[in-house]
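1. sequence-free structure coming up:
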């Protein structure tokens, strides 16, 4: 007859709770393509912090499920891009070679060296409950610009967003937090706009 050890049961329950909590709070992903270099490289392993859609900020790097009409990036139905436009924003390119949000030039220090802000010209208003997203490696990114003619006009529904890329845990020489780009001080940011 097997004897039950209370500490073994407690340890097993604690491990199970950690797994469940991790699934609710963070999820691991592998970066499939070069669309976010230099911030994220193919093969990087990251933890995505799950969130409430009201917490989204311009400059966040997010993982989302491909909207209808989007292909599979690197064989995956999950994409990783940077949030450029929030609900209600007017996003355009390229005035004086830069992306603008609500008429204000966006400073983009995260762009891949040698890339232009965009070779695709666009002028869109982000609808309620949607985001406009772009890769940092603009010349190698299947992002909102690539889907202007698709259903949804390249917009990503907020409910398709898994969460924000928060931490890179592989490779060892690149371990660390993945910071969001700071939102320019000149741009309005109204958290309530996300719920519109």
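-> Sure thing, it's come through. No experiment lies behind these values; they were computed from the predicted model shown.
2. Show me what the residue nearest the centre of the chain is bridged to.
-> Centroid check for the chain by C-alpha atoms, centre = their mean gives residue 62 as the closest residue, at 1.4 Å. Beta-bridge pairing for residue 62 (DSSP bridges): residue 81, residue 164.
3. ok, now which ones touch it?
-> 48, 56, 80-83, 131, 133, 161-165 (C-beta atoms under 8 Å, 6 or more residues apart in numbering). To be clear about C-beta, it is placed using only N, CA and C from the backbone, and glycine gets the same treatment.
4. what ranges do the strands span in this structure?
-> Taking DSSP state E to define them, one finds strands in the chain at 26-30, 45-50, 61-65, 78-85, 90-95, 98-101, 104-105, 122-125, 130-134, 156-157, 161-170, 176-177.
5. number of nearby residues for residue 27?
-> 16 (other C-beta atoms under 10 Å).
6. separation between the closest residue to residue 129 other than its chain neighbours and residue 37?
-> Once flanking residues are discounted, residue 129 sits nearest to residue 158: 5.0 Å by C-beta to C-beta, 6 or more residues apart in numbering. Residue 158 sits 26 Å away from residue 37, taking C-beta to C-beta, to the nearest Å as the criterion.
7. what's across from the spatially closest residue to residue 27 that is not a sequence neighbour in the sheet?
-> Spatially, and ignoring its direct neighbours in sequence, residue 27 is nearest to residue 48 (5.0 Å; C-beta to C-beta, 6+ apart). For residue 48, the beta-bridge partners are residue 27, residue 165 (DSSP bridges).
8. what's next to stretch 92-102, contact-wise?
-> 58, 84-85, 89-91, 105-106, 108, 116-118, 120-124, 134, 187-188.
9. quick one: that stretch to chain centroid distance?
-> In this view, stretch 92-102 has its centroid 20 Å away from the chain centroid, taken as C-alpha atoms, centre = their mean, to the nearest Å.
10. what's the answer for stretch 54-67, then?
-> With C-alpha atoms, centre = their mean as the basis, the mean position of stretch 54-67 lies at 4 Å from the chain mean.
11. Could you check how sure the model is about it, as an average pLDDT?
-> Mean pLDDT, stretch 54-67: 90.
12. what's the answer for stretch 163-174, then?
-> 94.
13. which parts of that stretch are buried?
-> 163-166, 168 (16 or more other C-beta atoms under 10 Å).
14. and of those residues, the nearest to residue 67?
-> Distance to residue 67 across the buried residues of stretch 163-174 (C-beta to C-beta) is lowest for residue 163, with 16.5 Å.
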